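Participant: Below is the sequence, then the predicted model.
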Amino acid sequence: MISDEIKRKLHDIIRGTSLQGSTDHCSTIRSLLIEGFGADPTVKGQFESRAVVKEKQTIFLKSYALQSEIWLSSLPPDSQYLTRGGESKVFMDLDKLNVIKVNDSVYYATWTEYFTSLVVHNLLFPSTAYTLIGFAQDSGNLCAVLRQPFVEGEQAKLEDIKALLTFNEFTNTKRQDYLNKEFGLVLEDMHDENVISRENVLFFIDTVFYVV
């Protein structure tokens, strides 16, 4: 069950405010984007119309990354490449304990939405939390480069995913999409490839959250 402390932080996120006391890069950049561009909720019908905002955010993030020395001149070599998901290229980190994900935020209308999704994931699933390494250019697109713990196991069963999310007050709305009504928080595409099962514990490795 989601703790009262996490619920308080989720309510702050839904209101579009910064998380007090959070100093990780994902939270910091989300706060900067909110200060500069606002924190409007997701409206799927406005995806294309918000492209102008996303382009301005892209320029801002490139400048910020250069000034903050988190601009990466290159991506991991092909020898570390593992796979590509719907929105990320995935590489094995040199330590073999983590993966590196290169994500162009294609599923999100704005970079604010993307970093909000990361912050929500880190709150709800700390065992697979994302750490922002920096930003890079890939095929002409700005990408966030993230580190995440590498989890070995089996693909989770859909019924087990549903049971855990239902326990945490997410309602299955259609296919593998869920809604938490208290927070107006949508979690999409929770199919078995996005959740790993190991010793009867579920690890959510790929999530797409929206505030609606």
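Facilitator: Everything's here; your move. Since this is a predicted model, take the numbers as computed values, not measurements.
Participant: show me what contacts residue 32?
Facilitator: Residues in contact with residue 32 (Cβ atoms under 8 Å, 6 or more residues apart in numbering) are 60, 64. Every C-beta, even on glycine, is put in place using the N, C-alpha and C of the backbone.
Participant: Report how many residues lie close to the closest residue to residue 168 other than its chain neighbours.
Facilitator: Leaving aside its sequence neighbours, residue 168 sits nearest to residue 2 (Cβ to Cβ, 6 or more residues apart in numbering; 5.4 Å). Neighbours of residue 2 under the rule other Cβ atoms under 10 Å: 16.
Participant: From what I see, residue 2 and residue 165 are in contact.
Facilitator: No - the pair residue 2 and residue 165 fails to qualify as a contact (Cβ atoms under 8 Å) at a distance of 10.9 Å.
Participant: domains in the protein, as residue ranges please.
Facilitator: 4-149, 154-211 (automatic domain parsing).
Participant: hey, least reliable of these by pLDDT?
Facilitator: Ranked by mean pLDDT, the domains of the chain bottom out at domain 4-149, which scores a mean of 91.
Participant: gap between the two ends of that one?
Facilitator: Using Cα to Cα, to the nearest Å, one end of domain 4-149 lies 26 Å from the other.
Participant: for stretch 121-136, same thing?
Facilitator: 22 Å.
Participant: Pull the contacting residues for the most centrally placed residue in the chain.
Facilitator: By Cα atoms, centre = their mean, the chain has its centre lying nearest to residue 118, at 3.0 Å. By Cβ under 8 Å, 6+ apart, residue 118 lies in contact with 26, 30, 130, 132, 146.
Participant: and it, backbone torsions?
Facilitator: The phi/psi pair for residue 118 (degrees, to the nearest 10) reads phi -60, psi -40.
Participant: Now do the SS call for the residue nearest to residue 168.
Facilitator: Of the three states, residue 2 takes coil under DSSP: H, G, I helix; E, B strand; the rest coil.
Participant: Would you mind giving me the confidence score for it?
Facilitator: What the model reports for residue 2 is a pLDDT of 89.
Participant: Tell me where the protein has helices.
Facilitator: Along the chain, the segments classed as helices by DSSP state H run 4-14, 25-37, 51-67, 111-124, 158-167.
Participant: As TSV, the ones you listed with distance to residue 195 would be great.
Facilitator: Shown next, in TSV, are the helices of the chain (distance: least, Cβ to Cβ, whole Å):
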stretch	distance to residue 195
helix 4-14	19
helix 25-37	21
helix 51-67	28
helix 111-124	12
helix 158-167	5
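Participant: Buried deepest among these, which one?
Facilitator: For the helices of the chain, the largest average neighbour count (mean count of other Cβ atoms under 10 Å) is found in helix 111-124, namely a mean of 24.
Participant: Return the angle between stretch directions for that one and helix 4-14.
Facilitator: Orientation check (axes from the mean of the first three to the mean of the last three Cα atoms, to 10 degrees): helix 111-124 against helix 4-14 gives 180 degrees.
Participant: now the angle from helix 111-124 to helix 25-37?
Facilitator: Using the same axes, to 10 degrees: helix 111-124 against helix 25-37 is 150 degrees.
Participant: Between helix 158-167 and helix 111-124, find me the angle.
Facilitator: 90 degrees.
Participant: Adjust the sequence numbering to begin at 232 for everything that follows.
Facilitator: Taking 232 as the first residue, the last one we looked at is helix 342-355.
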